[in-house]
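**Student:** need the 3D shape of this:
(one chain, ligands or ions: 2)
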Amino acid sequence: MDLFSPLSSCFDQGESRIARLDISMGEAPAFFADDLQKGFPNGLDLKSNGCETSIVVGNRTYVIGGTSDKSTLSVGVQVYDRSSGEWINPTVLGTKPKPSKGHSAVLLNEDRILIINKGTTLDDCAWFLEVDTQYVRKQRKILGSEVVAWSKGVRGNAEKPIVISGPSGVGKGTLISMLMKEFPSMFGFSVSHTTRAPRAMEKDGVHYHFTERSVMEKEIKDGKFLEFAEVHGNLYGTSVEAVEVVADEGKRCILDIDVQGAKSVRDTKIEAIFIFIKPPSVEQLEKRLRARKTETDEQIEKRLKNAKGEMEQAEAQSPCIFDHILENDILDKCYASLKKLLGLDDESVIAASESKISAPEVIYLPTDYSESKIGDKVIIRCRNAELEKASKDLIVVDVSSIKGSAPGRTRGLNIYTMDSFLDGVDVIN
Ligand SMILES: Nc1ncnc2c1ncn2[C@@H]1O[C@H](COP(=O)(O)OP(=O)(O)OP(=O)(O)O)[C@@H](O)[C@H]1O
Ligand SMILES: Nc1nc2c(ncn2[C@@H]2O[C@H](COP(=O)(O)O)[C@@H](O)[C@H]2O)c(=O)[nH]1
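**Tutor:** Ligands and ions are numbered 1, 2, ... in the order given. Got it, this is the predicted structure:
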């Protein structure tokens with residue numbers, strides 16, 4: 001079996017990477033490998049640090065690596081449009097990977113590129129550069145410019161985020177606090193941005209990121225938000241970073257957002273569980289809001305008025321935003337239903353602990369390897385020196401079960417080792 005037909009998209013270190021670019025069409029800028037290797041500016045603000053990789057997707061060539069901005073120690077992206085002969089500086093969304101000792105690129109399904117970072121731990125080695133996913137297309141329309149988006153690959157099946165919505169005062173925050181108190185290592189709260197003033201006990205960066213409207217509007221324009229909405233006269237929004245921070249802690253993300261926000265998240269096609277919490281009655285809702293003593297009478301009136309619209313929208317069958325509607329009448333009862341729904345009631349927890357899957361192996365990606373793509377698997381073969389150290393010389397990056405995309409992490413990545421000799425794999429370089 002020939003596992004190692006070379007990948008056209010990969011450039012090993014020391015080679016003249018850019019020289020391999022097909023820039024024969026149109027008026028491509030002078031873009032010489034020599035200049036790049038000496039670190040000379042090339043008219044594109046792109047300087048080589050010996051780590052660029054290029055990959056062709058349709059009529060575009062993506063040059064990934066190095067950075068055009070010395071202040072951000074992260075991987076840069078440049079696009080060469082072969083039909084117009086022009087270089088484009090795309091808007092790059094999402095958290096970028098940090099520069100590594102080189103990387104290789106593998107095209108997946110024409111909509112995203114798998115970037116494998118050399119010399120990193122396997123938990124940080126796989127990143128996806130999305131070039132034409134639904135999210136990227138939508139952002140391209142909104143921002144009116146070329147867009148690419150980074151999404152880090154997360155090993156294993158991290159659970160879907162949970163979106164909790166419901167009228168103000170229904171008890172969303174109370175239920176979320178109970179969940180986070182009982183399961184502190186399981187859940188992480190997505191800290192939203194808001195332009196409303198902090199309440200007495202609220203801390204910046206914990207309950208919200210309190211911000212100015214003009215700053216938030218600029219950040220919305222820059223594509224930093226997964227969703228945002230005008231709620232009860234203030235601007236609220238979930239930044240992409242807020243969700244990524246939770247995923248990076250290995251926790252399941254909980255979003256407390258209004259119905260408009262839930263609809264926006266639903267529209268992005270992000271895989272999440274959407275739960276609407278409804279009050280037993282509008283009278284009870286008013287009682288809770290008044291007892292909380294955090295809003296003026298006028299603000300309470302506004303929130304109650306909006307509550308009616310939110311409940312109508314949530315219970316409408318089409319478009320159906322929510323997967324579940326829970327009534328928060330007796331708090332403990334509602335909390336028990338929420339836990340059951342999330343598979344956290346006693347019976348489900350015992351069943352899960354009995355069938356617990358062992359933690360993924362800790363492996364390091366070598367700096368010297370060759371790789372090949374077979375279907376949904378990228379096979380990485382360690383070379384010489386590293387081969388001697390490694391008991392298993394093949395690392396398999398299996399993308400067949402990946403779920404999700406930018407904004408946020410791409411889950412379900414399976415990375416494991418294999419021994420080519422023991423497994424009888426015929427390796428041809
Ligand atoms: N089932 C319940 N019965 C009675 N009071 C409740 C119940 N659930 C929550 N409360 C109380 O109602 C008030 C509002 O709850 P909470 O602040 O959690 O609402 P919320 O939905 O998060 O509101 P907002 O959207 O404005 O942030 C709080 O004082 C809380 O203690
Ligand atoms: N669309 C969004 N809605 C949000 C977000 N964060 C909070 N909210 C919702 O706003 C109201 C009011 O909250 P309060 O703290 O002022 O009482 C409530 O319904 C929240 O769910 C967000 O990031 N996006």
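**Student:** the residue nearest to Asp329 when sequence neighbours are not counted: helix or strand, and which one exactly?
**Tutor:** Counting by Cβ to Cβ, 6 or more residues apart in numbering, Pro280 is the residue found nearest to Asp329 once chain neighbours are left out, at 4.1 Å. To be clear about C-beta, it is placed using only N, CA and C from the backbone, and glycine gets the same treatment. Assessed by DSSP states H and E, Pro280 sits outside every helix and strand.
**Student:** tell me the confidence at Pro280?
**Tutor:** Reading off the confidence values, Pro280 has pLDDT 97.
**Student:** hang on, it packs against Leu326?
**Tutor:** No - applying Cβ atoms under 8 Å, one finds Pro280 not in contact with Leu326, separated by 11.3 Å.
**Student:** so between those two, which is more surrounded?
**Tutor:** Per other Cβ atoms under 10 Å, whichever of Pro280 and Leu326 has more neighbours is Leu326, with 22 against 13.
**Student:** is there any residue in the helix or strand hosting that one that contacts ligand 1?
**Tutor:** Assigned by DSSP H and E, Leu326 belongs to strand 324-327. No - using Cβ under 6 Å from any ligand atom, strand 324-327 never reaches ligand 1; the gap is at least 9.2 Å.
**Student:** render the CA-only coordinates of that strand in PDB, please.
**Tutor:** Extracted C-alpha coordinates of strand 324-327, given in PDB (Å, rounded to 0.1, in the frame of the first residue of the first chain):
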ATOM      1  CA  HIS A 324     -36.000  22.500  24.800                       C
ATOM      2  CA  ILE A 325     -38.300  24.800  26.800                       C
ATOM      3  CA  LEU A 326     -38.200  24.400  30.600                       C
ATOM      4  CA  GLU A 327     -40.500  26.200  33.000                       C
END
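**Student:** from what I see, His209 and Thr195 are in contact.
**Tutor:** No - taking contacts as Cβ under 8 Å, His209 lies outside contact range of Thr195: 10.3 Å.
**Student:** same drill for these two, tell me which one is more crowded.
**Tutor:** Remark: of His209 and Thr195, Thr195 carries more neighbours, 19 against 16, as counted by other Cβ under 10 Å.
**Student:** residue numbers of the stretch 151-300 of the chain in contact with ligand 1?
**Tutor:** So far as Cβ under 6 Å from any ligand atom goes, the stretch 151-300 of the chain lies against ligand 1 at 166, 168-174, 288, 291-292.
**Student:** of these, which is the nearest to Pro407?
**Tutor:** Closest approach between these and Pro407, by Cβ to Cβ: Lys172, at 22.0 Å.
**Student:** residue contacts, that closest one?
**Tutor:** Counting by Cβ atoms under 8 Å, 6 or more residues apart in numbering, Lys172 touches 164-166, 256, 277.
**Student:** how many neighbours does the nearest residue in space to Tyr80 that is not next to it in sequence have?
**Tutor:** In this structure, Tyr80 finds its nearest non-sequential neighbour in Thr61, 4.3 Å apart by Cβ to Cβ, 6+ apart. Neighbours of Thr61 under the rule other Cβ under 10 Å: 21.
**Student:** same thing with the one 3 residues further on?
**Tutor:** A total of 24 residues lie near Ile64 under the criterion other Cβ under 10 Å.
**Student:** distance of it from Arg381?
**Tutor:** Applying Cβ to Cβ, to the nearest Å, the value for Ile64 to Arg381 is 22 Å.
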